[in-house]
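Peer 1: Fold the following for me, if possible:
(one chain, ligands or ions: 1)
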Amino acid sequence: MEPLLTRIDHVGIACFDLDATADLYRRVHGFEVAHEEVNEEQGVREAMLRVNGTDDGHATYLQLLEPVREDSPVAVFLARHGEGVHHVAFGTGDVAATAAEIGGTGVRVLDESPRAGSMGSSIAFLHPKDCGGVLTELVQAAGGADDRPDGSAAGPE
Ligand code: MC0
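Peer 2: Numbers count the residues shown, from 1 in each chain. Predicted coordinates for the structure are as follows:
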């Protein structure tokens, strides 16, 4: 069977102050912000810090998440748990098919159909209570040049 999940796409980290946290990761870890955007639907401002390239031609990131609304999932998480790891996201070639296959095992898929994620990706979340306490995200990368620092196209080699 082909693997459904081909890499860690990103680890999502909830924070109160995106700029201060990005500065911490620059000073302590040496990571630079590769991309920033606001996702209104998810209620977050986010920064992607590229860590490494992966075997499938894409990359792994840290994703810093600052809430832009008090009722957003990240704001609720911060109020309950404070800052820290919010979710783990795995890359897949087909997010809808992977979500359907995993959903078929009884795991709750939180998004009926894929939503817009970072850098033009398509995403779906799995309930943390069905994934060993870890909020889990499935990510289908846009497949465009934004995955690679040299601007070349990402995708199967
Ligand atoms: C809640 N729980 C978590 C959790 N959030 N456990 C682990 N990790 C998390 N991040 C726990 C609660 O503590 C609770 O456990 C249980 O899950 C259920 O809580 P609930 O009260 O039923 O539900 P809520 O209201 O806390 O919602 C949790 C849920 C929600 C995961 C369903 O946050 C959600 O739909 N998230 C998906 C969307 C999302 O997170 N978006 C933000 C990132 P106890 O034991 O206390 O009962 S957007 C993003 O990342 C995008 C832009 C991207 O990657 O490109």
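Peer 1: would Glu70 count as being in a strand?
Peer 2: No: counting by DSSP: H, G, I helix; E, B strand; the rest coil, Glu70 is not found in a strand; it is coil.
Peer 1: Who are the contact partners of Gln63?
Peer 2: Gln63 is in contact with 10-13, 46-49, 89, 118, counting by C-beta atoms under 8 Å, 6 or more residues apart in numbering. In this view, the C-beta of every residue, glycine as well, is placed from N, C-alpha and C.
Peer 1: if we go to 10 Å?
Peer 2: 9-14, 35, 44, 46-49, 86-87, 89, 117-118, 137 (C-beta atoms under 10 Å, 6 or more residues apart in numbering).
Peer 1: Now, of those residues, which are buried?
Peer 2: 9-14, 44, 46-49, 86-87, 89, 117-118, 137 (16 or more other C-beta atoms under 10 Å).
Peer 1: restrict the contacts of Gln63 to those near the ligand?
Peer 2: Under the cut-off given by C-beta under 6 Å from any ligand atom, the ligand has 12, 44, 46, 86-87, 89, 117-118, 137 from these close to it.
Peer 1: That'll do, ta.
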